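Here's a sequence, model it:
(2 chains)
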Amino acid sequence: MSEKHIIVINQLDKYFGDFHVLKNINLSVAAGEKIVICGPSGSGKSTLIRCINHLESHDGGDIIVDGIPLDDRVKNIDHIRSEVGMVFQQFNLFPHMTVLENCILAPVWVKGVPRPEAEALALQYLERVRIPDQADKYPGQLSGGQQQRVAIARSLCMQPRIMLFDEPTSALDPEMIKEVLEVMVDLAEQGMTMLCVTHEMGFARRVADRVIFMDEGEIIEENTPTSFFDNPQNNRTKLFLSQIIGD
Amino acid sequence: MVSAFIGLVWWLIDNTVANLARQNVATGFGFLDNNTGFDINQKLIAYDETSSYLRLLLVGLLNTAIVSVLGILLATVIGFMVGLARLSDNWLVSKLAFIYVEIFRNLPLLIQILFWYVLLIELLPHPKKSFSLWEVFFLNNRGLYLPWFTTLPGGGYLLWVLGLFGAGWFYVAHKARKMRELTGHNKAYARNYILIGVICLGGYLSLWGVPFEADLPALKGFNFRGGLSFTPEFVALLVALSLYTASFIAEIVRAGVLSVSKGQFEAAKALGLPTSVSMNKVIIPQAMRVIIPPLTSQYLNLTKNSSLAAAIAYPELVSVFAGTALNQTGQAVEIIFITMSIYLFLSLLTSFLMNTYNARVALVEK
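Residues are numbered from 1 along each chain as shown, chains lettered A, B, ... in the order given. Now for the predicted structure:
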């Protein structure tokens, strides 16, 4: 458990009722590392990253984020959530608030940042996701790609050290996927620690330091993107890659 | 089609007028000026045996209004608490809320009103054996008695000033919250406001004395006199209406919160929002869109259900006006017409207020 590891997961087990959804997961993430997690649906990849900010509780093993153990202590959970941002497949913007209000809600109410300061910060991040001119619109008035970029900006406003992406482009039309991926590449280039559940293999090749393949609740294979895609070791990985890349 | 309808209405009116004339019943609203000749045990405005039927109508209307307004407030508060309790992760809390809802919404309201009324007048002691708290609060089968006050000269003005000061508090608190958001600092405006108010009040009282006199309920003869009193009918009706309607509101609130997608709860959690903030700022505002239309119906139901109070002789609109006054005057058509118009007006007013609020919380879409 070295100092530079910002996330350490040890022998993680999780059940949904009788279903063993995560089996003995071990994973360490260095600060600034970008990890892409892929695998067939139901393999537990979303559940894994949802455990990291305690949207799901785990049944065995340890998760340590930034030196803080994730247990049932509310204080620890709150602290970890303020360090870890999350972007969802369905955006989950608050539809009754403007884009700007979405972005400043958490800084104002969780961190107690003064409103003008929070607004300035929000506009800065909206600039970074390339939609500063939409600040006063409501989420329902934006396209899917724009909404997802707002969701990224909303997370960034809490100035997290880690960003979790749960299939951020799966609910988008093809022409909107690119604009969201560009923002994510930007973010990666600026040194953010990222864990992405995604099947965007181009993105994985370009950005990831490591690609992890999961199936049936286990990590089957992990490798650098080049070795992972060009020379997969495990048969299940080969089968999966042949199915998603096609021919 | 239209002419057939107009014809039908004309036939009905013509028939009614002809029948009334044949039975020598005087029509028109002139009777409203006559003396009623009877008194009422709960009146918010001056009224006695010599007052007119118009005055009686006002007394009944105000009695309906006070029990409805207080009932709506109570039912809303209890309903939201029970509705949120049903969604609690705590097994005991959610089961208790479930039992509450199933009991109160499954028993007929009339039975519940009679239940509370009988409970109050049968189980509570006679005035001479009243339950009392510090010898100033009294509860017996004649009602609930609270200490109150009467104003001496100058007291009325002071009350107005205090009322204005209270209203000013909301403004200052609002400003203080805005300032906190703007600067991140608590500037203690609210505290200073209170401090100045207390100093002024203290100065006034020490210079001119207290312009109020305590009015304590006391046993005189067979009953209590003085203080602020509530009849058992009023208390029974208010309790029954509030608890009954709250059980429906609880289900409406639960449905509203459940209608908000799971992703909204998760997004709020992932941002680290505490449960209270995520409820107040994210979940409830969205749930309100689903809650308000059926909530409006419940408010209307409560107001109209208050007419069941005729069963326990609470002097509200139906009981005294469409009941006693109708019997005494025989002006059935006019009195029922007035009563129905008033309920229609109350209902439309409630709907209008709620629709205005609903429009404010509506979502903006493309």
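
what residues does chain A put near chain B?
Residues of chain A found near chain B (Cβ under 8 Å from any Cβ of the partner chain) are A:53, A:55, A:78, A:81-82, A:84-86, A:88, A:90, A:92-96, A:105-106, A:108-110, A:112-117, A:138, A:140-141, A:151, A:154-155, A:158. Bear in mind the C-beta positions are built from the backbone N, C-alpha and C, glycine included.

Show me where chain A has its helices.
Taking DSSP state H, the helices of chain A run over residues A:45-52, A:74-83, A:99-106, A:115-128, A:144-156, A:174-189, A:201-207, A:225-230, A:235-245.

Redo those helices as CSV? Include mean neighbour count, distance to residue B:240 and mean pLDDT.
Below are those laid out as CSV (neighbours: other Cβ atoms under 10 Å in any protein chain shown; distance: least, Cβ to Cβ, whole Å; pLDDT from 0 to 100):
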stretch, mean neighbour count, distance to residue B:240, mean pLDDT
helix A:45-52, 24, 47, 91
helix A:74-83, 17, 41, 86
helix A:99-106, 24, 41, 92
helix A:115-128, 18, 46, 91
helix A:144-156, 25, 47, 92
helix A:174-189, 17, 57, 89
helix A:201-207, 18, 63, 88
helix A:225-230, 16, 70, 88
helix A:235-245, 14, 64, 84
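
Save these as CSV, and put in distance to residue B:134 too.
Formatted as CSV, the helices of chain A follow (distance: least, Cβ to Cβ, whole Å):
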stretch, distance to residue B:134
helix A:45-52, 57
helix A:74-83, 42
helix A:99-106, 48
helix A:115-128, 48
helix A:144-156, 55
helix A:174-189, 67
helix A:201-207, 74
helix A:225-230, 79
helix A:235-245, 77
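
ranges for the strands of the stretch 51-200 of chain B?
B:131-133, B:137-140, B:143-146, B:148-151 (DSSP state E, counting those that start in this stretch).

the longest helix in chain B is where?
Chain B, longest helix under DSSP H: helix B:53-86.

by contact count, what packs against that one?
Helix B:53-86 sits against helix B:91-106, helix B:232-259, helix B:284-305, helix B:332-361, with contacts defined as 3 or more Cβ pairs under 8 Å, 6 or more residues apart in numbering or on different chains; DSSP states H and E.

Show me the shaky parts of chain B.
For chain B, the stretches with pLDDT under 70 are B:127-128, B:136, B:151-155, B:180-188, B:211, B:219-227, B:363-366.

Quick check: beta-bridge partners of residue 212?
Just going to use chain A. Beta-bridge partners for residue A:212, by DSSP bridges, are residue A:37, residue A:222.

right idea, wrong chain: chain B
With DSSP bridges as the criterion, residue B:212 is bridged to residue B:151.

wait, isn't it in contact with residue B:150?
Yes. At 7.1 Å, residue B:212 and residue B:150 qualify as touching, with contact defined as Cβ atoms under 8 Å.

Looking at the two, which has the bigger crowd around it?
Using other Cβ atoms under 10 Å in any protein chain shown, the more surrounded residue of residue B:212 and residue B:150 is residue B:212, with 16 against 10.

And for residue 112, the neighbour number?
In the absence of a named chain, this looks at chain A. Neighbour count of residue A:112, defined by other Cβ under 10 Å: 12.

meant chain B, my bad for not saying
Residues near residue B:112, counting by other Cβ under 10 Å: 19.

which residues touch it?
Residues in contact with residue B:112 (Cβ atoms under 8 Å, 6 or more residues apart in numbering or on different chains) are B:104, B:240, B:243-244.

Okay, it and residue B:306: tell me how far apart.
13 Å (Cβ to Cβ, to the nearest Å).

swap in residue B:244?
The value you get for residue B:244 to residue B:306, if Cβ to Cβ is used, is 11 Å.

out of the helices and strands packed on helix B:53-86, which comes closest to residue A:134?
Across the helices and strands packed on helix B:53-86, residue A:134 has its closest neighbour in helix B:284-305 (20.8 Å, Cβ to Cβ).

Beyond that closest one, next helix or strand please.
As assigned by DSSP states H and E, the chain's next helix or strand after helix B:284-305 is helix B:326-329.
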